[in-house]
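Asker: This is the structure alone, sequence omitted:
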């Protein structure tokens, strides 16, 4: 058996805030890569300009102090550090300073944990200026979203960074199916990478032994449930309309609210417990009679690959959703609605027409799509790329740089 191409290598992984309120694919992928190789998880700054809210100020201070510390060991093979960037791009020299400081801080963190030979891995485009500047064997862009479509970001700036990183990365993996053609046109070394699911964890929601949280133990049914960020892309007007149409239903919305939800909070049949630990989500889902994905149809949603879709299906609960390309792939197991009335009708159909067989079919639909299998597939592509590069180097000791890596 040949030597594993990953042997002796580690990963420098630029991802979302590790301590964010909700777990993203960035966290799931990093945790599983760390089972195969040492991984330094680098918290990257947010893409939007920070505001003056208490949450933004608190988060900014936490990142600033964290940047002064050595990497913290989170697990046997997993370390965490923070490398903030100053957000004042308009000041002359600020971008150059951020590039210098970012490279200095990451290299310092790598030295402190003894990580010399590595692969760089970018889940976000704005730290991409570090790609191929850390002495890495390979650079990877694992694109999980249409970043330029996020609310509050500089569309042109983030779009440009996304394109630059797509072009220069040695490998590109794309979660949203709608983004795959455009990415592949920029970089032929682009591969689909659909999201996975922790099927075992969310399967607990169908286990009678799983207890619902005490705060909703006596809640009135039917319960219409949602978990995830409550942001601009969530159709709050739809939820409010549904709650007003069916005052006998209870709507449980689990997650951090980043927008004004005062109209929902005033409704007696809407429960908003805030963000909850990821491992506890199956306990909340245990109470759901129907799970919903009430998206507004924005550019971001059109190109989204929602984690909660597979998580809901893994619970076995009926799912009602608005449509996008990824959700449509699961139309056999999800009721998809095009407007308010259709959404209401789909929930009612789910409440009266569900069976044990349908529950088992939903769970079976995503059972093979585990994060372990997804990450194993991605790492196989990384191994192929490493072996190919090693073979070329052996045949041609002096190789010109790949044109795609020039910044």
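Answerer: Alright, I've got the coordinates. Source: prediction; values computed, not measured. Numbering: from 1, shown residues only.
Asker: Give me the neighbour count for residue 166.
Answerer: Using other C-beta atoms under 10 Å, residue 166 is surrounded by 23 other residues. Every residue, glycine included, has its C-beta placed from N, CA and C.
Asker: Tell me the buried residues in the one helix or strand it maps to?
Answerer: Using DSSP states H and E, residue 166 sits in helix 155-168. Across helix 155-168, burial judged by 16 or more other C-beta atoms under 10 Å covers 158, 159, 161, 162, 163, 164, 165, 166, 167, 168.
Asker: how about those residues in JSON lines, adding distance to residue 113?
Answerer: Converted to JSON lines, those look like this (distance: C-beta to C-beta, whole Å):
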{"residue": "158", "distance to residue 113": "30"}
{"residue": "159", "distance to residue 113": "34"}
{"residue": "161", "distance to residue 113": "27"}
{"residue": "162", "distance to residue 113": "29"}
{"residue": "163", "distance to residue 113": "32"}
{"residue": "164", "distance to residue 113": "28"}
{"residue": "165", "distance to residue 113": "25"}
{"residue": "166", "distance to residue 113": "29"}
{"residue": "167", "distance to residue 113": "30"}
{"residue": "168", "distance to residue 113": "26"}
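Asker: Which element, helix or strand, includes residue 271?
Answerer: Residue 271 belongs to strand 270-274, assigned by DSSP H and E.
Asker: could you check the distance from the closest residue to residue 166 other than its chain neighbours over to residue 388?
Answerer: The shortest distance from residue 166 to any non-neighbouring residue, by C-beta to C-beta, 6 or more residues apart in numbering, is to residue 186 (4.6 Å). Spatial separation of residue 186 from residue 388 under the definition C-beta to C-beta, to the nearest Å is 20 Å.
Asker: Among the two, which residue is more densely surrounded?
Answerer: residue 186 (17 against 11).
Asker: Now do the contacts for that one.
Answerer: By C-beta atoms under 8 Å, 6 or more residues apart in numbering, residue 186 lies in contact with 163, 166, 167.
Asker: From residue 205, how far off is the spatially closest residue to residue 254 that is not a sequence neighbour?
Answerer: Distances taken as C-beta to C-beta, 6+ apart place residue 227 nearest to residue 254, at 4.1 Å, with adjacent residues excluded. Residue 227 is 11 Å from residue 205, where distance means C-beta to C-beta.
Asker: Give me the common contacts of those two.
Answerer: Joint contacts of residue 227 and residue 205 (C-beta under 8 Å, 6+ apart) are residue 285.
Asker: Low-confidence bits of the chain, can you list those?
Answerer: 1-2, 45-68, 85-94, 396-407 (pLDDT under 70).
Asker: okay, now the domains of it?
Answerer: The chain breaks down by automatic domain parsing into domains covering 10-196+370-405, 199-366.
Asker: In TSV: those domains, plus distance to residue 4.
Answerer: Formatted as TSV, those follow (distance: least, C-beta to C-beta, whole Å):
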stretch	distance to residue 4
domain 10-196+370-405	7
domain 199-366	26
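Asker: Can you check which of the ones you listed gets nearest to residue 3?
Answerer: In terms of C-beta to C-beta, the element of the domains of the chain nearest to residue 3 is domain 10-196+370-405, at 9.9 Å.
Asker: can you pull out the strands in the chain?
Answerer: Per DSSP state E, the chain carries strands over the ranges 10-15, 39-43, 72-75, 78-82, 118-122, 138-143, 171-174, 190-192, 223-227, 250-254, 270-274, 290-293, 319-321, 335-336.
Asker: Let me have those strands in JSON lines, extended by mean neighbour count and distance to residue 384.
Answerer: Formatted as JSON lines, the strands of the chain follow (neighbours: other C-beta atoms under 10 Å; distance: least, C-beta to C-beta, whole Å):
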{"stretch": "strand 10-15", "mean neighbour count": "25", "distance to residue 384": "17"}
{"stretch": "strand 39-43", "mean neighbour count": "25", "distance to residue 384": "20"}
{"stretch": "strand 72-75", "mean neighbour count": "12", "distance to residue 384": "27"}
{"stretch": "strand 78-82", "mean neighbour count": "23", "distance to residue 384": "25"}
{"stretch": "strand 118-122", "mean neighbour count": "25", "distance to residue 384": "13"}
{"stretch": "strand 138-143", "mean neighbour count": "24", "distance to residue 384": "11"}
{"stretch": "strand 171-174", "mean neighbour count": "24", "distance to residue 384": "9"}
{"stretch": "strand 190-192", "mean neighbour count": "17", "distance to residue 384": "10"}
{"stretch": "strand 223-227", "mean neighbour count": "24", "distance to residue 384": "36"}
{"stretch": "strand 250-254", "mean neighbour count": "23", "distance to residue 384": "40"}
{"stretch": "strand 270-274", "mean neighbour count": "16", "distance to residue 384": "44"}
{"stretch": "strand 290-293", "mean neighbour count": "26", "distance to residue 384": "35"}
{"stretch": "strand 319-321", "mean neighbour count": "25", "distance to residue 384": "35"}
{"stretch": "strand 335-336", "mean neighbour count": "18", "distance to residue 384": "37"}
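Asker: okay if I get those as JSON lines plus distance to residue 200?
Answerer: Listed next are the strands of the chain as JSON lines, based on distance: least, C-beta to C-beta, whole Å:
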{"stretch": "strand 10-15", "distance to residue 200": "23"}
{"stretch": "strand 39-43", "distance to residue 200": "22"}
{"stretch": "strand 72-75", "distance to residue 200": "19"}
{"stretch": "strand 78-82", "distance to residue 200": "20"}
{"stretch": "strand 118-122", "distance to residue 200": "25"}
{"stretch": "strand 138-143", "distance to residue 200": "23"}
{"stretch": "strand 171-174", "distance to residue 200": "24"}
{"stretch": "strand 190-192", "distance to residue 200": "24"}
{"stretch": "strand 223-227", "distance to residue 200": "17"}
{"stretch": "strand 250-254", "distance to residue 200": "20"}
{"stretch": "strand 270-274", "distance to residue 200": "24"}
{"stretch": "strand 290-293", "distance to residue 200": "18"}
{"stretch": "strand 319-321", "distance to residue 200": "19"}
{"stretch": "strand 335-336", "distance to residue 200": "25"}
